[in-house]
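*Asks:* Show me the folded form of this:
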Amino acid sequence: MTVLTIGLAAVLLAAIVTVAAVTHVQLQRSRLAHAADEVALAASDAIDLDAYYLEGAVRLDPEALADEARAQLAASARREGLAGAVLVAASSPDGTTAEVTLALRTPVLFGASWLPGTVDLSATSSARAAP
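*Replies:* Take a look at the predicted model:
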């Protein structure tokens, strides 16, 4: 009877740890996706002002887009769980849409980096500039 009880306790403990690990990774993925949305929205504000005032055209300035993306990521990374987030790419494929990709390596178990196992997460988001 004791062996059966210990075995059941071990199975229950393994199930609880698994659920907690999956929940942690899912929350990190959600945080990263939210940060990618914020960064893309901030990057879409980086319009080329010279082109806008001279021609009335809304075009994104690639250098300003990357600078805005980095600045917003630095602000977003101060929140819990996003300290290790990095900007992988910030570009404008059509000149009016800001597209950013963020990456984050997170520990699997309870956010403890000293425990074994990590997961690489990435999130891509886009936002369109409008006059």
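*Asks:* ok, which stretches of this protein are helices?
*Replies:* 2-43, 49-55, 62-76 (DSSP state H).
*Asks:* which non-adjacent residue is nearest residue 95?
*Replies:* Leaving out its chain neighbours, the residue that sits closest to residue 95 by CB to CB, 6 or more residues apart in numbering is residue 59, at 4.8 Å. In this view, the C-beta of every residue, glycine as well, is placed from N, C-alpha and C.
*Asks:* okay but the one you found is in contact with residue 50, surely?
*Replies:* No - using CB atoms under 8 Å, residue 59 is not in contact with residue 50; the gap is 9.6 Å.
*Asks:* of those two, who's got more company?
*Replies:* Set side by side, residue 59 and residue 50 show more neighbours around residue 59, with 18 against 11, by other CB atoms under 10 Å.
*Asks:* Tell me the backbone dihedrals of the more buried one, please.
*Replies:* Backbone torsions of residue 59, given as degrees, to the nearest 10, read phi -130, psi 140.
*Asks:* For it, which residues are in contact?
*Replies:* 47-48, 51-52, 95-96, 129 (CB atoms under 8 Å, 6 or more residues apart in numbering).
*Asks:* Any quick ChimeraX command for the buried ones out of these?
*Replies:* Buried residues within these, by 16 or more other CB atoms under 10 Å, are selected in ChimeraX with:
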select :47,48,96,129
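*Asks:* nearest to residue 19, of the contacts of residue 59?
*Replies:* Using CB to CB, residue 129 comes nearest to residue 19 of the contacts of residue 59, at 41.9 Å.
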